[in-house]
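Novice: Mind looking at a prediction? Sequence and model below.
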Amino acid sequence: MDLHRFSAFDYMKLVVGSALVAAAFQFFTFPNSIVSGGVTGIAVILNSAFGLPTGITAFVLNIPLFLIAIKAFGFRFFSATLAATTLASLLIDVFDALPVATNDLLLAAFAGGAMNAVGISLIFKAGATTGGTDIIVKLIRKRYPHIRTGRAYLYTDVVILLAAGIVLSDINLSLYAAIAMIVSTTLMDVVLYGPDEAKQVYIVSDRESEIAEALLKLDVGITLLNGEGAFTGRTKKIILCVMRKSLYPAARDVVRRIDKNAFMIVSSANEVFGEGFKRHDSADL
């Protein structure tokens, strides 16, 4: 991230994201004793186990992570992360004067997880983090860019939540915390990368040339595979195509119109990269 190119829109994302993270903590998870992941979750565990002050403990745990961030990503990234962390902490104190949003644990888990996911995603999009295990997640993404941000959070937070369940000895709160974590990590990937809405289709037909020509007119990429019938021994071309979900109904109608006896296998594609689809996930997110 280059602060000289840090636009007003980036500042807005940083502020809104920090506010959402603080609101998720103060209005939903913390007052309902739903342990969050990250450094805050570790601090809560240490407070319950050894009586260590939560705020000071979280601050001390952040120090080595900030030093790692400076070395790995540079001082500009550290400055933006420090700004986001400080702003979120200040807003938590500001929101403390307001009433809790809900005392329903399930609603708190869903709303808190969703709000936290959107907040962290906005901060990531602005080129910063909120410190703590966010830095660990960014390090994981730098080393393994194919791992999505939400999945990386899942890897780090599940260990913390398991430890919280053991220390706090409350299976119900642990389950609600798990719900919040799943909601947060799932929604985070949707916000950062968008939904994967693609269909993978295999088509077996004696009129594959006509079908392929018609599908190409729909701007659907096609690959022809060599196949052989196990019973008949006949060789034929198998059409493989991956298309956006919105194009599938038209493509299906084309196949049915040309060959009503065509054999089709349709499945959802979890991730599609390359021309016509998204690029590989950036390690910056």
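Specialist: Perfect, I can see it now.
Novice: where along this structure do the helices fall?
Specialist: Using DSSP state H, the helices of the chain run over residues 8-23, 38-50, 54-73, 75-95, 105-125, 133-143, 149-168, 171-193, 208-217, 248-258.
Novice: Looking at the ones you listed, which is nearest to residue 32?
Specialist: Of all the helices of the chain, helix 105-125 sits nearest to residue 32, with 4.4 Å by C-beta to C-beta. Just so you know, the C-beta spots here come from the backbone N, C-alpha and C atoms, and that holds for glycine as well.
Novice: Distance from that closest one to the middle of the chain?
Specialist: 11 Å (C-alpha atoms, centre = their mean, to the nearest Å).
Novice: Could I get the average pLDDT for that helix?
Specialist: Averaging pLDDT along helix 105-125 yields 92.
Novice: shift numbering so it begins at 52
Specialist: Sure, I'll start numbering at 52, so the last one becomes helix 156-176.
Novice: Mind exporting the C-alpha coordinates of it to CSV?
Specialist: Extracted C-alpha coordinates of helix 156-176, given in CSV (Å, rounded to 0.1, in the frame of the first residue of the first chain):
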residue,chain,number,x,y,z
LEU,A,156,-27.4,-15.2,21.8
LEU,A,157,-28.2,-16.6,18.3
LEU,A,158,-29.1,-13.1,16.9
ALA,A,159,-25.9,-11.7,18.5
ALA,A,160,-23.8,-14.5,16.9
PHE,A,161,-25.2,-13.9,13.4
ALA,A,162,-25.3,-10.1,13.5
GLY,A,163,-22.0,-9.8,15.2
GLY,A,164,-20.3,-12.2,12.9
ALA,A,165,-21.8,-10.5,9.8
MET,A,166,-21.0,-7.0,10.9
ASN,A,167,-17.4,-8.0,11.9
ALA,A,168,-16.9,-9.6,8.4
VAL,A,169,-18.0,-6.5,6.5
GLY,A,170,-15.9,-4.3,8.7
ILE,A,171,-12.7,-6.3,8.4
SER,A,172,-13.3,-6.7,4.6
LEU,A,173,-13.5,-2.9,4.2
ILE,A,174,-10.3,-2.4,6.2
PHE,A,175,-8.5,-5.0,4.1
LYS,A,176,-9.8,-3.4,0.9
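Novice: Tell me which other helices or strands that helix touches.
Specialist: helix 59-74, helix 184-194, helix 200-219, helix 222-244 (3 or more C-beta pairs under 8 Å, 6 or more residues apart in numbering; DSSP states H and E).
Novice: how about a cut-off of 10 Å?
Specialist: With contacts taken as 3 or more C-beta pairs under 10 Å, 6 or more residues apart in numbering; DSSP states H and E, helix 156-176 sits against helix 59-74, helix 126-146, helix 184-194, helix 200-219, helix 222-244.
Novice: now the angle from the second one to helix 184-194?
Specialist: I take that to be helix 126-146. On the basis of axes from the mean of the first three to the mean of the last three C-alpha atoms, to 10 degrees, helix 126-146 is oriented at 150 degrees to helix 184-194.
Novice: Ok, the fourth one next?
Specialist: Compare the direction of helix 200-219 with that of helix 184-194 by the same axes, to 10 degrees and you get 140 degrees.
Novice: returning to that earlier point: lowest mean pLDDT across the helices and strands packed on helix 156-176, which one is that?
Specialist: Among these, helix 200-219 scores lowest, with a mean of 78.
Novice: gap between that helix and the chain center?
Specialist: How far helix 200-219 lies from its chain's middle: 15 Å, per C-alpha atoms, centre = their mean.
Novice: Next: stretch 182-192.
Specialist: On C-alpha atoms, centre = their mean, the centre of stretch 182-192 falls 13 Å from that of its chain.
Novice: Can you get me a residue count around the closest residue to residue 66 other than its chain neighbours?
Specialist: Distances taken as C-beta to C-beta, 6 or more residues apart in numbering place residue 138 nearest to residue 66, at 6.8 Å, with adjacent residues excluded. Here the count is done by other C-beta atoms under 10 Å, and residue 138 has 19 residues near it.
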